[in-house]
Structure formats: C-alpha cells, structure tokens
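Peer 1: Using only what follows, build the 3D model:
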Amino acid sequence: MILTFYLFNKLFRNKPGIRGKSIFSFIVISGIAIGITSLLIALSVLNGFQKVLSEKLSDLDSHLQIIGFSDYNLDETEKNASLIRSLLGDNFQSIDVSVSKAVIISSSKVTEGVSLRGVAEEYFLRKKNITIKEGDKKLDGSSVIIGVNLAKKMKVAPGDKISLFYLAGIDRNITIEDGGIEQFTVSGLFETGMSKYDDNFIYTEINRARELFNIPANQASIMEVKLKDVSRIDSITTYLQDELTYPYYVRNIYEINRNIFTWIELQQKPIPLVLGLITLVAAFNIISTVLMTVLEKTRRIGIMRSLGFKKTGVSGLFLLFGSWHGLLGTVYGNLLALLLIFIQKTFNVITLPSSIYFVSEVPLEIVPETFLFVSVGSIVLNILMSLIPSVAAARISPLSAIRFK
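Peer 2: Numbering: from 1, shown residues only. Below you'll find the predicted structure:
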C-alpha cells in the first residue's frame with residue numbers, strides 16, 4: 001500500500017513543465033464539481049420550499065382550520081373551543097377565533113375585492129410570519145391593517161382613509177339593502193411573503209367585524225387550531241370532525257393547500273434524476289482521463305511489471321488516480337454549493353415573484369444527510385468508473401509495454 005501511494009505521487013503529480021494533463025484533469029474535476037453543485041443546490045431549494053411553505057402555512061393558516069358548512073357561521077365558539085382543548089389534550093397549542101367575510105374596499109383611485117378578517121389583539125403575537133413593515137398593528141375598531149402588495153395597488157399608506165362596502169347578515173339570504181359603507185384608517189402594512197395574504201387580506205378588530213356583519217358575540221367564521229405534534233394530523237382531523245357537531249367542518253393545512261404540496265412533491269421527483277445524469281456524464285470523463293493516462297504511462301507500466309509489480313498493484317494505482325479526481329470534484333462541488341447557498345441567504349441575490357412561487361425569496365435548506373448521500377454516491381460512482389480503465393492497465397503485457405512508443 002505504501003509503495004502504491006509512493007508510485008502514485010511519482011507518476012501522477014503535475015510537474016511544472018506538463019500542462020496538457022493538468023488542464024485535462026482540471027476540466028474533469030470541474031465537471032464533477034459543477035454536477036455535484038447543481039444537484040446539491042437543487043435539492044436544497046426543494047427542501048427549502050417544503051420547509052418554508054410548511055412553516056408559513058402552518059403559521060398563517062394554522063394546522064387545523066374549522067369553518068362552517070356552506071359558509072354558515074360557527075356558533076357557541078367559546079364552548080366548542082374548550083371542547084377542542086380537552087379533545088386534543090397535551091397536543092393542543094393554541095386556538096384563534098376570527099370573523100372573515102368578503103368585502104370591497106376603495107381608495108381615491110382604486111377599488112378591490114378582498115377578505116376582511118376580524119381578529120383579537122393577541123392574534124398577531126402568535127403569527128410570527130406576519131411582519132409589520134410600516135405603521136403599527138394596533139386595531140381600535142376604526143382602523144385596518146392591509147398587505148403591502150394590496151397597499152401598492154390601492155396607492156395608500158399608513159394614515160390614509162379607505163372606504164369599505166360590506167353585506168351584513170347571519171344567513172345566506174342577504175340582499176344589497178343589508179349592506180353598508182364605512183370608512184377606516186390604514187394603521188399599518190403587513191407582509192408575509194406570500195401573495196395569497198399580502199394581496200387579499202385586511203385585518204380589523206374582531207368585535208368591530210361582528211358589528212359590521214351583524215354576527216352575535218358567541219359566533220365566528222373561522223377557528224384556527226395549532227398543534228404541538230403534526231405527525232398524526234390526518235387522524236386528528238377525522239377525530240375532531242366526528243366529535244364536533246354541524247355546521248363545524250374541520251380541514252388541515254395539507255387539505256387546504258393541496259395544490260401547493262402536490263406541486264412540491266412533483267418537483268422533488270424529476271429534478272434529482274435529471275441533475276443526477278449531469279453528475280453521471282461528468283463521472284464518465286473519469287474513464288477517458290484514466291485511459292489517456294494509461295496510454296501515456298504504458299512504458300512505465302511495462303517497466304514496473306518486468307520488475308515484479310503485480311497486476312493488482314497496477315490496477316490499484318490507476319484506480320487510486322481516478323478516485324482521487326472524483327474525490328476532489330466531490331469536495332469542490334460541496335464547497336461551491338455551500339458558498340453559493342451562503343451568498344443567496346446573505347444577500348438574497350435571486351428573488352421570486354410570490355404570485356407564482358408562493359414566496360418572494362429563494363428558500364434554501366441545508367440538510368446534512370442530503371449532502372452526505374450525494375457525496376458518498378458521487379465517490380462510489382467515480383470509483384466504479386475508474387475500475388474499467390484500471391483493469392485495462394493491469395492487462396497490458398510487460399513486453400508490449402516496454403516496446404510501446
């Protein structure tokens with residue numbers, strides 16, 4: 001083994017006067033590194049999308065949403081909130097009750113249809129992904145908080161007035177006469193990074209919303225429940241649905257946002273395969289690199305074989321040469337991927353339209369297991385690619401090799 005490493009150092013190190021071999025080795029190592037980098041970044045983006053969207057949706061929509069069948073209001077919310085707490089036991093984290101109805105808002109220049117949500121004062125304390133960008137989050141019954149994207153459309157800022165047209169009533173047989181127009185002051189602008197909320201939601205105080213829509217104090221539109229452990233969320237959804245009476249209808253975030261999670265799942269399947277082929281193509285260059293080196297070192301192979309160097313030693317020598325290229329390419333690929341991820345996370349070089357990708361920044365999640373799996377797979381693949389030319393080098397006849405020109 002010591003002799004093999006000694007000969008490897010003597011035969012394959014790049015000497016100052018030799019440029020072709022070093023350049024070719026550089027190209028091969030770079031090809032492997034780029035393939036590894038592409039694969040790791042793609043997998044980090046997919047992992048990031050899954051984590052960020054899951055966290056955001058769990059925070060903004062909560063793990064469970066309870067609404068009324070056919071858009072009816074939920075009655076006896078305090079009693080049923082206590083029931084939900086007892087049913088969930090230690091798995092219960094928090095519950096928020098809110099009133100949500102469709103309204104039309106108008107500024108001096110623009111009119112938009114949005115969803116008005118009446119919430120309690122502590123609502124925003126539990127929503128970590130709702131960031132107040134301008135103004136404040138104080139709701140006093142005469143003010144509203146709107147999304148930053150919606151504020152741009154409406155051309156309003158904190159302190160400006162907006163008109164709100166609404167329909168009141170506790171049943172579905174309401175007419176235009178049941179509605180009204182109220183003026184509210186924009187107290188703050190919020191941002192979640194998801195267009196679903198930033199473009200379509202405005203918030204006000206819950207009792208003020210009940211007053212507008214003529215909803216009794218013990219009724220609400222939505223109950224949002226957060227769990228400590230979501231591993232059994234499907235069974236919990238079914239369990240609560242069986243325990244709660246009509247018109248309570250229980251949905252979890254995976255049902256509410258089925259399209260988003262299906263989209264992530266579809267992305268996870270083809271991308272690793274396609275980018276894995278890039279790494280495979282780069283690994284095939286190992287074969288050509290080692291074969292070229294075999295031709296270059298044929299005479300030396302013959303001399304070593306005539307001096308008693310075994311076939312396995314020759315094969316191991318070139319196997320080590322090919323594996324070394326693969327190892328360097330894998331290491332450099334990992335380092336380059338980590339560097340690019342750090343740059344993106346620090347400086348946010350690439351931004352995304354939240355209306356298409358659900359988030360405004362490229363989410364990147366470093367999963368050590370993913371990096372380890374890709375690295376080990378790359379090294380094993382390069383070793384396998386190095387076997388073919390290594391075996392060919394060992395089969396060279398000493399006599400033919402010495403006579404080789």
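Peer 1: contacting residues around F201?
Peer 2: Contact partners of F201, counting by Cβ atoms under 8 Å, 6 or more residues apart in numbering, are 114-115, 117, 146-147, 150. (C-beta placed from N, C-alpha, C; glycine too.)
Peer 1: Now with 6 Å, please.
Peer 2: With contact set as Cβ atoms under 6 Å, 6 or more residues apart in numbering, F201 has these partners: 115, 147.
Peer 1: For F124, which non-adjacent residue is spatially closest?
Peer 2: Excluding the flanking residues, the one nearest F124 by Cβ to Cβ, 6 or more residues apart in numbering is K137, at 4.9 Å.
Peer 1: Quick one: classify that neighbour as helix, strand or coil.
Peer 2: coil (DSSP: H, G, I helix; E, B strand; the rest coil).
Peer 1: wait, what's in contact with it?
Peer 2: By Cβ under 6 Å, 6+ apart, the neighbours of K137 are 124, 145, 188.
Peer 1: can you check S106 too?
Peer 2: When contacts are counted by Cβ under 6 Å, 6+ apart, S106 touches S163.
Peer 1: Distance of it relative to L387?
Peer 2: As for S106, its distance to L387 is 73 Å (criterion: Cβ to Cβ, to the nearest Å).
Peer 1: hang on, isn't G179 packed against F213?
Peer 2: No: with contact defined as Cβ atoms under 6 Å, G179 does not reach F213; the gap is 9.9 Å.
Peer 1: Compare neighbour counts for those two and give me the winner.
Peer 2: Taking neighbours as other Cβ atoms under 10 Å, G179 and F213 compare with F213 leading, 24 against 16.
Peer 1: okay but the more buried one is in contact with K101, surely?
Peer 2: Yes: look at F213 against K101 with Cβ under 6 Å: they come within range, at 5.4 Å.
Peer 1: Point out where the protein drops to low pLDDT.
Peer 2: Low-confidence segments of the chain (pLDDT under 70): 1-22, 169-178, 275, 279, 282, 355, 399-405.
Peer 1: Put the alpha carbons of the strand ranked longest in it into CSV.
Peer 2: As assigned by DSSP state E, the longest strand anywhere in the chain is strand 92-106. Taking Å, rounded to 0.1, in the frame of the first residue of the first chain, the C-alpha atoms of strand 92-106 are listed here in CSV:
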residue,chain,number,x,y,z
PHE,A,92,-53.1,21.4,22.0
GLN,A,93,-51.0,24.5,21.5
SER,A,94,-53.3,27.5,20.7
ILE,A,95,-56.7,28.4,19.1
ASP,A,96,-57.7,31.6,17.4
VAL,A,97,-61.3,32.7,16.7
SER,A,98,-61.9,35.2,13.9
VAL,A,99,-64.6,36.6,11.7
SER,A,100,-63.9,36.6,7.9
LYS,A,101,-66.1,37.9,5.1
ALA,A,102,-65.6,39.2,1.6
VAL,A,103,-65.8,43.0,1.2
ILE,A,104,-65.0,45.7,-1.3
ILE,A,105,-62.5,48.4,-0.4
SER,A,106,-62.0,51.6,-2.2
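Peer 1: what's stretch 245-265 in contact with?
Peer 2: 49-50, 57-58, 61, 63-69, 72, 233, 237, 240-241.
Peer 1: Buried subset of those residues as a ChimeraX selection?
Peer 2: Typed into ChimeraX, the next command selects the buried ones out of the contacts of stretch 245-265 (criterion: 16 or more other Cβ atoms under 10 Å):
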select :49,50,57,58,61,63,64,65,66,67,68,72,233,237,240
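Peer 1: out of the contacts of stretch 245-265, which are inside helices?
Peer 2: Mapping the contacts of stretch 245-265 onto helices (DSSP state H) picks out 49-50, 57-58, 233, 237, 240-241.
Peer 1: picking up where we left off before, just name the closest of the contacts of K137 to K133, please.
Peer 2: Nearest to K133 among the contacts of K137, counting by Cβ to Cβ, is G188 at 7.9 Å.
Peer 1: what's near enough to touch that closest one?
Peer 2: Contacts of G188 (Cβ under 6 Å, 6+ apart): 132, 135-137, 145, 158.
Peer 1: before we move on, back to that, name the nearest of the contacts of K137 relative to L364.
Peer 2: F124 (27.5 Å).
Peer 1: that's a helix at that closest one, yeah?
Peer 2: Yes: according to three-state DSSP, F124 belongs to a helix.
Peer 1: Relative to R117, how far out is it?
Peer 2: 11 Å.
Peer 1: Quick check: neighbours of the helix or strand containing M223 in the sheet, parallel or antiparallel?
Peer 2: Counting by DSSP states H and E, the element that carries M223 is strand 222-227. Applying DSSP bridges to the sheet, strand 222-227 is found paired with strand 64-68 (antiparallel), strand 92-106 (antiparallel).
Peer 1: Could you look over the ones you listed and pick the most buried one?
Peer 2: Comparing those on average neighbours per residue, with mean count of other Cβ atoms under 10 Å, the densest one is strand 64-68 at a mean of 22.
Peer 1: Residues in contact with it: which ones?
Peer 2: By Cβ under 6 Å, 6+ apart, the residues outside strand 64-68 that reach it are 74, 222-225, 247-252.
Peer 1: how does it look with 7 Å?
Peer 2: 74, 221-225, 237, 247-252, 256 (Cβ atoms under 7 Å, 6 or more residues apart in numbering).
Peer 1: What's the ChimeraX syntax to select whichever of those are buried?
Peer 2: Buried residues among these (16+ other Cβ under 10 Å), as a ChimeraX selection:
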select :74,221,222,223,224,225,237,248,250,251,252,256
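Peer 1: Pull the most distant pair out of the contacts of strand 64-68.
Peer 2: S221 and T237 (18.9 Å).
Peer 1: Quickly note the distance from the nearest residue to L240 once chain neighbours are set aside to Y123.
Peer 2: Excluding the flanking residues, the one nearest L240 by Cβ to Cβ, 6+ apart is V250, at 4.7 Å. In this view, V250 and Y123 are 20 Å apart by Cβ to Cβ.
Peer 1: How about I350?
Peer 2: Taken as Cβ to Cβ, the span from I350 to Y123 is 33 Å.
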